[in-house]
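Undergrad: here is the input, now give the coordinates:
(one chain, ligands or ions: 1)
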Amino acid sequence: MSKNLIAAAALAAAGMAAPAFADTTLHVFLWDAMEAMDMVDNHTIGNDDDRSTDVMGVTVNTTVIPAGKVTFDVINTSTDSEHEMVVTKLSGPDGTLPYDADSMRVDEEAAGSKGEVSELPAGEKGALTVTLEPGTYVLYCNIAGHYAAGMWTEITVK
Ligand SMILES: [Cu+2]
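TA: Okay, the predicted model is just below:
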């Protein structure tokens, strides 16, 4: 049961009305399977390559959430690698991120950021709460090489 549901249940039990617009909690899993295959370096947003070959990624429990206060509950499920989650708003459904091939990282200054859970050691959890307006957002890991290896996913805020 999510914290929101628990909070709503607690309010109901106390005889109080639940809030009309409950805050959203999004569960984010940072994962890798480095032993399985080699990392690719061209699975950036807008690339049509087969994502099924990705050896690391960002997985969410839902890809469409309501605008408002959102808590990202992040866990790094890796057994040996550090990962992170950066939240950035795209220009639209076809938007991409500015990528610097030399450093193998997204240009965070140019891309802008709504916040991040940075550099989580393997097995660790972190959380980020932000208020999001409607739009298309990307959640990605900006440790060198990880974004282009496919470590990103998009969500829609309505
Ligand atoms: Cu990563």
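Undergrad: contacting residues for residue 106?
TA: Applying CB atoms under 8 Å, 6 or more residues apart in numbering to residue 106 gives the contacts 86, 88, 97-100, 140, 142, 147. In this view, the C-beta of every residue, glycine as well, is placed from N, C-alpha and C.
Undergrad: could you measure from the closest residue to residue 121 other than its chain neighbours over to the ion?
TA: Nearest non-adjacent residue to residue 121, counting by CB to CB, 6 or more residues apart in numbering: residue 82, 5.7 Å away. Residue 82 sits 7 Å away from the ion when distances are taken as CB to the ion, to the nearest Å.
Undergrad: residue 82: how many residues sit nearby?
TA: As a burial measure, residue 82 scores 16 neighbours (other CB atoms under 10 Å).
Undergrad: then residue 103?
TA: A total of 11 residues lie near residue 103 under the criterion other CB under 10 Å.
Undergrad: doesn't it belong to a helix?
TA: No - counting by DSSP: H, G, I helix; E, B strand; the rest coil, residue 103 is not part of a helix but coil.
Undergrad: mind listing which of the contacts of residue 106 are in strands?
TA: Judged by DSSP state E, the contacts of residue 106 include 86, 88, 99-100, 140 as members of strands.
Undergrad: just the buried ones among those, please.
TA: Among the ones in strands among the contacts of residue 106, those buried by neighbour count (16 or more other CB atoms under 10 Å) are 86, 88, 99, 140.
Undergrad: lovely, talk soon.
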